[in-house]
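Engineer: Sequence first, predicted model second:
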Amino acid sequence: MTSRLASAERAPAHSEEPAPGSPGSAPPAARPWYRALLSWMDHRTHLLMVIPGVGLLLAMVAYPVGFNVWNSFTDRNLSFPTSEWVGLANYERVLTDAAFFSAITRTLVWTFSSVAGQLLLGFIGAVALQAVRRGQGPLRLGLIIPWAFPSIVLAYSWKFMLDPIVGVVNDVSMRVGLIDQPVAWLGNEATAMPAVVAMNIWFGFPFMMVALLAGLQTIPVEHYESARVDGANFWQELRHITLPGLRHVIGALIVLRSIWVFNNFDFVYLTTGGGPIRVTETLPVYAFQIGWTNYDIGRMAAVSVAMLGVLVIIIAVYLKVLRVDKED
Amino acid sequence: MTHSVNAPSMSRPISRPMSRRGFMRGVLGTAAGAGALGALSACGDDGGSSSSSDGDSGRLVFWHNYTQEARVNFMRDVADRFEESHPDTTVEIEVVPFPQFPTKWPAAQAAGNLPDVTTVLPTVAVSMWQAGALHPMEPVLEELGGTSAFSPGLLDRSAMYEDQHILLPHYVHNRLLAHRTDILSEAGVSLSERPSWDEVLSAAQATTKEPDQFGWMLKLSASDTGGGYLLWMLTRSADGKFFDADGTAMLDTPEVKRATEFLVELGRTASGPGQVNYNINDNFSLINAGTTVLAEVSGAEIGIAAVDAPDIADKLATTFMPTDVQPGHQMGAVSLALPKGNNPSLAQEFAAFLYAEENYVPFLHTIPLFMFPALASANSPEFFDEPTIAKYETTAQQTLTGVEEGSPPGFEDGPNPYAGPVFNSHVIEQMLQNVLVGGADVDSALATANQTVQATLDDISSRLG
């Protein structure tokens, strides 16, 4: 037991310098310059701890964003070796291009329709799946399968299904009498955007469903039992228990999915290329056309900065409406 | 009690707090050690990018776009033999499909990682040259025996830019009009070898049986250059052009208007729904399924059909593209270029080696009818005796005639910096969609497109000075 007591004694100081004013301490001698540096660093160890994280953040986020903003003020073009500072010329050109504002409108339609559809279907799926007592795991797994495929596979599968000549959608729709003749779903200006939105809803709703299902399972069962004792019906439970209980999850899902869908490029480009006659040309497709067809990196950077501005506004409105940031 | 006796000694290191200075020492010591190790390893590592002083050994990076197994294996075999004849040389091959290439080379240039040799399309090569990413090919050309080593006029139409050969064609091909002979016969229609516009339009209309068979299904997707290339071929057929050598847009000329009207008529009367979504790559399935009776193809589609769908291939025949005052040839030249990599002298040797007798024709034969000779000496019985090529000799001869008479799209006046951006902007596909789907009239659609093209050309001209 003595050894245990000994271990509880205060460990001797390991500082190489004697404590100032301690008995027997020698008068301070001239300190070499590096000791001052070491001492300075010694008192800022916490900064050392932070440096890797900050460095990583700067390298991964701040540098690309900063470089992009810098490019937006130049006439950088990959086909030419030099670039010059052009001030706001790229922004002026973008903001006077009617196609840019049309692309904003289409992007808002694409984003809001997709997220709303995904949320609605995801919510219905989650509520339905929660009621399933057996086989919930396989069902959940089965519904999330779309996420296992690369977007190019999904895009071409949908393109094939919606093909006006060999597509199954037209075939089935004609057999059941929904349409009289084949429809070029992706080639018609009235149906192209709804078609790609439908595809995106199909792709995204399982993610919503799984997240909402997890949220549903955190709501205490006692709340529902109490409500039923008080005579609440399904809709009243939904309105007063389920939706308030999922508020945080729904808020986070809407914000996250809006950012992802807003920036989505591959689904639209691989299915319609932004056509026909630009009715599906969203901002990412518009930016791609500028940047990677003409190598006009400066103008593409200006578009992407403008996109960031639009996205920030959308998210700010979301947060205001949902008041996620003011919740306890 | 043994446990209680041992416990303090075991916990002792934990109970001693680490001083901040000790921590700092540890961190600085680790950093210094890592730095020393890094320096040592760098001394022993060639970094994969060093070049030998004599240029005869080292690491050579070769990008090619040949994705098919037969061509991938052949290129590896060529590289292995090059390594054998050049001791201490390593040839690293990276397959870079053409759709990835336009975004990959600028990133590689920015990172200082350009390959030493690459395959490239002429329009992209001009952009690379403008950006200072290419060495001239003159040393390789001299090694091969000068311009006469290539098919007559080929280099002027595809490789000569700013008085330098910025690329050398590796192989060539040409667009032809393929047709299903069985369906044309059923409709009682035939096509001459140089069919006129009217002849083609009549055949396409006669073989259209909606809703699942169309005379000529157009491919006008805005994510593809198929629509632009097709209109350019028809415009060339009418002896017109999209822009002149000085960078003036010419979409408002009568020749372009006539070609556009012909294409619109085809689109309205002999093409089908979905034409604004199809890409050139859909050609093979559209022909095989009988969805389209006519299609603009290269020999490649015939060659692939001969292997994958011989029954269909037996029913395919080709003519030249529709003729107005001349056939609208669109020559393709998949070429070799020398980016500013790390081993330029070895790169020149390797590029020349790809044209060596033992490599060249055997490479063209890896996928018969896919590739046609750019080298004059390879235009020989050795090439034509391959069984599939011999079977489709007419297609092969039409291709080589087209190569002699045609040019890459937009290069009718020789390589220029305008063609790539004009076709890549998809302004032609947008214009055709405006007419066929949006109901715009041809004149106004062409006027709008002409303004857009002129703005693109002006941008380029201003940068060129």
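Structural biologist: Now that the structure is in, tell me what you want to look at. All of these numbers come straight from a predicted model, not from anything done at the bench. Residues are numbered from 1 along each chain as shown, chains lettered A, B, ... in the order given.
Engineer: okay, now residue B:142: neighbour count?
Structural biologist: Other residues within reach of residue B:142, judged by other CB atoms under 10 Å in any protein chain shown, total 12. Yep, even glycine has a C-beta here, placed from its N, CA and C like the rest.
Engineer: Name the SS class of it, please.
Structural biologist: Using DSSP: H, G, I helix; E, B strand; the rest coil, the secondary structure recorded for residue B:142 is helix.
Engineer: quick one: contacts for it?
Structural biologist: Listed by CB atoms under 8 Å, 6 or more residues apart in numbering or on different chains, residue B:142 has no contact partners.
Engineer: and it, what pLDDT?
Structural biologist: On the pLDDT scale, residue B:142 is placed at 96.
Engineer: Give the burial count for the closest residue to chain B within chain A, as a bare number.
Structural biologist: The minimum distance from chain A to chain B, using CB to the nearest CB, falls at residue A:273 (2.8 Å). When neighbours are counted by other CB under 10 Å, residue A:273 registers 26.
Engineer: Thought residue B:226 was touching it, still the case?
Structural biologist: No: Residue A:273 is beyond contact range of residue B:226, at 11.0 Å (criterion: CB atoms under 8 Å).
Engineer: By mean pLDDT, which helix or strand of chain A comes out lowest?
Structural biologist: helix A:2-7 (a mean of 41; mean pLDDT, DSSP states H and E).
Engineer: can you tell if stretch B:404-412 touches chain A?
Structural biologist: No: shown here: stretch B:404-412 not in contact with chain A (CB under 8 Å from any CB of the partner chain), separated by at least 14.2 Å.
Engineer: Report the mean per-residue pLDDT for that stretch.
Structural biologist: 93.
Engineer: What's the end-to-end length of it?
Structural biologist: Using CA to CA, to the nearest Å, the end-to-end distance of stretch B:404-412 comes to 12 Å.
Engineer: contacting residues around that stretch?
Structural biologist: Under CB under 8 Å, 6+ apart, the answer for stretch B:404-412 is B:121-123, B:151-153, B:157-158, B:174, B:225, B:228-229, B:232-233, B:236, B:241-243, B:326-327, B:329-333, B:414, B:416, B:418-420, B:422-423.
Engineer: Could you find the closest non-adjacent residue to the residue of chain A closest to chain B?
Structural biologist: In this structure, residue A:273 finds its nearest non-sequential neighbour in residue B:223, 2.8 Å apart by CB to CB, 6 or more residues apart in numbering or on different chains.
Engineer: so is that neighbour in a helix, a strand, or just coil?
Structural biologist: Here residue B:223 is recorded as coil under three-state DSSP.
Engineer: residues touching it, list them.
Structural biologist: Per CB under 8 Å, 6+ apart, neighbours of residue B:223: A:269-270, A:272-275, B:279, B:426.
Engineer: farthest pair in these?
Structural biologist: A:270 and B:426 (14.9 Å; CB to CB).
Engineer: Which one's more surrounded, those two?
Structural biologist: Neighbour count, other CB under 10 Å: between residue A:270 and residue B:426, residue B:426 has more, with 23 against 18.
Engineer: Test my guess that that one contacts residue A:292.
Structural biologist: No: applying CB under 8 Å as the test, residue B:426 and residue A:292 come out as separate, 11.7 Å apart.
Engineer: longest helix anywhere in chain A?
Structural biologist: Determined from DSSP state H, the single longest helix within chain A is helix A:98-131.
Engineer: Can you tell me the SS state at residue B:189?
Structural biologist: Note that with three-state DSSP, the state of residue B:189 is coil.
Engineer: Please give the element, helix or strand, for residue 317.
Structural biologist: I'll assume chain A. helix A:297-322 (DSSP states H and E).
Engineer: Switch to chain B, please.
Structural biologist: Here residue B:317 is assigned to strand B:316-319, by DSSP H and E.
Engineer: Name every strand pairing with the helix or strand following that strand and say which way it goes.
Structural biologist: Downstream of strand B:316-319, the first helix or strand assigned by DSSP H and E is strand B:331-339. Strand pairing for strand B:331-339, using DSSP bridges, gives strand B:117-120 (antiparallel), strand B:134-135 (antiparallel), strand B:168-174 (antiparallel).
Engineer: which of these sits most buried?
Structural biologist: strand B:117-120 (a mean of 28; mean count of other CB atoms under 10 Å in any protein chain shown).
Engineer: Centre of the chain to the host helix or strand of residue B:397, how far?
Structural biologist: For residue B:397, the host element (DSSP H and E) is helix B:393-405. Chain-centre distance of helix B:393-405: 20 Å, with CA atoms, centre = their mean, to the nearest Å.
Engineer: again, but for stretch A:268-281
Structural biologist: In terms of CA atoms, centre = their mean, the centre of stretch A:268-281 is set 22 Å apart from its chain centre.
Engineer: what's the straight distance from one end of it to the other?
Structural biologist: 8 Å.
Engineer: Tell me the residue of chain B that sits nearest chain A?
Structural biologist: Taking CB to the nearest CB, chain A has its nearest neighbour within chain B at residue B:223, 2.8 Å off.
Engineer: what about residue B:225, distance to residue B:362?
Structural biologist: 31 Å (CB to CB, to the nearest Å).
Engineer: Where does the nearest residue to residue B:362 once chain neighbours are set aside fall, secondary structure wise?
Structural biologist: Closest residue in space to residue B:362, ignoring its immediate chain neighbours: residue B:74 at 7.2 Å, by CB to CB, 6+ apart. Assigned by DSSP H and E, residue B:74 belongs to helix B:69-85.
Engineer: so where do the strands sit in the stretch 351-465 of chain B?
Structural biologist: Here the stretch 351-465 of chain B has its strands, by DSSP state E, counting those that start in this stretch, at B:372-373.
Engineer: Can you lay out the strands paired with strand B:331-339 as TSV showing mean pLDDT?
Structural biologist: Shown next, in TSV, are the strands paired with strand B:331-339 (pLDDT from 0 to 100):
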stretch	mean pLDDT
strand B:117-120	97
strand B:134-135	96
strand B:168-174	96
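Engineer: so which of these gets nearest residue B:285?
Structural biologist: Nearest of the strands paired with strand B:331-339 (CB to CB): strand B:168-174, 20.0 Å.
Engineer: Following element in sequence after the least confident helix or strand of chain A, please.
Structural biologist: helix A:33-42.
Engineer: and residue B:251, how many neighbours does it have?
Structural biologist: For residue B:251, the count of nearby residues is 28 (other CB under 10 Å).
Engineer: again with residue B:196
Structural biologist: There are 14 residues near residue B:196, going by other CB under 10 Å.
Engineer: For it, give me its contacts.
Structural biologist: Here residue B:196 is in contact with B:322-324 (CB under 8 Å, 6+ apart).
Engineer: most surrounded residue in those residues?
Structural biologist: Result: residue B:322 is most packed of the contacts of residue B:196 (other CB under 10 Å), 28 neighbours.
Engineer: domains of chain A?
Structural biologist: Following automatic domain parsing, chain A resolves into domains at A:33-72, A:90-326.
Engineer: what about the first one, how long is it end to end?
Structural biologist: By CA to CA, the extent of domain A:33-72 from end to end equals 46 Å.
Engineer: can you check stretch B:217-237 too?
Structural biologist: Using CA to CA, the end-to-end distance of stretch B:217-237 comes to 20 Å.
Engineer: mean confidence for it?
Structural biologist: Averaged across stretch B:217-237, pLDDT comes to 94.
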